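Student: Test case, fold it:
(2 chains)
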Amino acid sequence: EVQLVESGGGLVQPGGSLRLSCAASEFTFSRFWMTWVRQAPGKGLEWVANIKEDGSDEYYVDSVKGRFTISRDNAKNSLYLQMNSLRAEDTAVYYCARYNNYGRYSLDVWGQGTTVTVSS
Amino acid sequence: DIQMTQSPSSLSASVGDRVTITCRTSQDIGNFFAWYQQKPGQVPKVLIYAASTLQSGVPSRFSGSRSGTDFTLTISSLQPEDVATYYCQKFNSAPGWTFGQGTKVEI
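Tutor: The predicted structure follows:
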C-alpha cells in the first residue's frame, strides 16, 4: 500500500527548533515532487513548502521563508522539514503529501499528520 | 502573483440538493487544479484532479469543471456523508500551491 508516515512533532518553546520526517513506502519516491501542508487548530489547509523530485528546487510560503527548510533523501525514501525560530502561529498538524505531476495534478497521497505545538 | 478566491465559506443544504462551490483564480492556470474533501478529524482526500477528472473511488455525484479562471465543484445530490469542508488548490509557482479558504458544507 502506498503510504506516507510523518514523525517528529511535539511541544517546543517559542524560538526553538524541530525536525519533521516523512517516510514513504510502496512507490518510487524519487519520481515525485513532495510537499508539506499544515492545518492550525480549527483553521483551513495551508501549503508550507514543496521540493522537486531530485531536490534541486524548493519553494516556501512567505510566512516560513528563512525559518523552515524542506529537504529529501531519495536513497532513504524520506522527506524532511527543519523548522527553526518557531512561533506560536506555527502550531498546527503538519502533513506530508505527494504531488502527482503525471497528469493527475493533485496531492494524491497524504500522511496522517504530526502535531507541532509551540508554547512556553 | 496569482490570487485565488473560494466561495462560499459555508453553506447549508438539504439531502438531495445540488450544491456548487466555486474557486476563481486571477490568471489562467490551465488544469493545474484540484478539489479535496476533509471530514472532521480526518486527513484531506482528493476528489477531483486536473480540474475536472474524478479520482478513482469517489462517488459520481461529485464533479468538477473549469471555465477559464473559474473552477466549480458540484455535488449533484447531497448526501449526509458529504458533510465536510471542501478545499480547492492550484498548482503554479507563484505564490505557491495555495489552497482556497475552504467551504464548510452542512445538512
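Student: Nearest to the spatial middle of the chain, which residue is it?
Tutor: Using chain A. Centroid-nearest residue in chain A, with Cα atoms, centre = their mean: residue A:36, separated by 2.7 Å.
Student: Please refer instead to chain B.
Tutor: Taking Cα atoms, centre = their mean, the centroid of chain B lies closest to residue B:35, which sits 3.8 Å from it.
Student: Next one: residue A:43 relative to chain B, how far apart?
Tutor: Distance of residue A:43 to chain B, computed by Cβ to the nearest Cβ, to the nearest Å: 9 Å. Any C-beta I mention is one placed from the backbone N, CA and C, and that applies to glycine too.
Student: What segments of chain B are strands?
Tutor: For chain B, the strands defined by DSSP state E cover B:4-7, B:10-12, B:19-25, B:33-38, B:45-49, B:53-54, B:62-67, B:70-75, B:84-90, B:103-106.
Student: For these, could you give me TSV that also reports distance to chain A and mean pLDDT?
Tutor: TSV is the format used below for these (distance: least, Cβ to the nearest Cβ, whole Å; pLDDT from 0 to 100):
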stretch	distance to chain A	mean pLDDT
strand B:4-7	9	97
strand B:10-12	12	98
strand B:19-25	13	97
strand B:33-38	4	98
strand B:45-49	4	98
strand B:53-54	7	98
strand B:62-67	11	98
strand B:70-75	12	98
strand B:84-90	5	98
strand B:103-106	10	98
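Student: Redo those as CSV? Include distance to residue A:113.
Tutor: Shown next, in CSV, are the strands of chain B (distance: least, Cβ to Cβ, whole Å):
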stretch, distance to residue A:113
strand B:4-7, 22
strand B:10-12, 24
strand B:19-25, 24
strand B:33-38, 11
strand B:45-49, 13
strand B:53-54, 25
strand B:62-67, 24
strand B:70-75, 23
strand B:84-90, 15
strand B:103-106, 20
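Student: helices and strands of chain A: which one bottoms out on pLDDT?
Tutor: When the helices and strands of chain A are scored by mean pLDDT, DSSP states H and E, strand A:58-60 comes last with a mean of 94.
Student: what's that strand packed up against?
Tutor: Counting contacts by 3 or more Cβ pairs under 8 Å, 6 or more residues apart in numbering or on different chains; DSSP states H and E, strand A:58-60 is packed against strand A:45-51, strand A:68-73.
Student: what's in contact with it?
Tutor: Contact partners of strand A:58-60, identified using Cβ atoms under 8 Å, 6 or more residues apart in numbering or on different chains, comprise A:48, A:49, A:50, A:51, A:52, A:68, A:69, A:70, A:71, B:93, B:96.
Student: What is the nearest of the residues you listed to residue A:100?
Tutor: Closest approach to residue A:100 among the contacts of strand A:58-60 (Cβ to Cβ): residue A:50, at 12.7 Å.
Student: check contacts around the closest one.
Tutor: Shown in contact with residue A:50 (Cβ under 8 Å, 6+ apart): A:33, A:34, A:35, A:36, A:58, A:59, A:70, A:99, B:96, B:97.
Student: mind redoing it with 7 Å?
Tutor: Applying Cβ atoms under 7 Å, 6 or more residues apart in numbering or on different chains to residue A:50 gives the contacts A:33, A:34, A:35, A:58, A:59, A:70, A:99, B:97.
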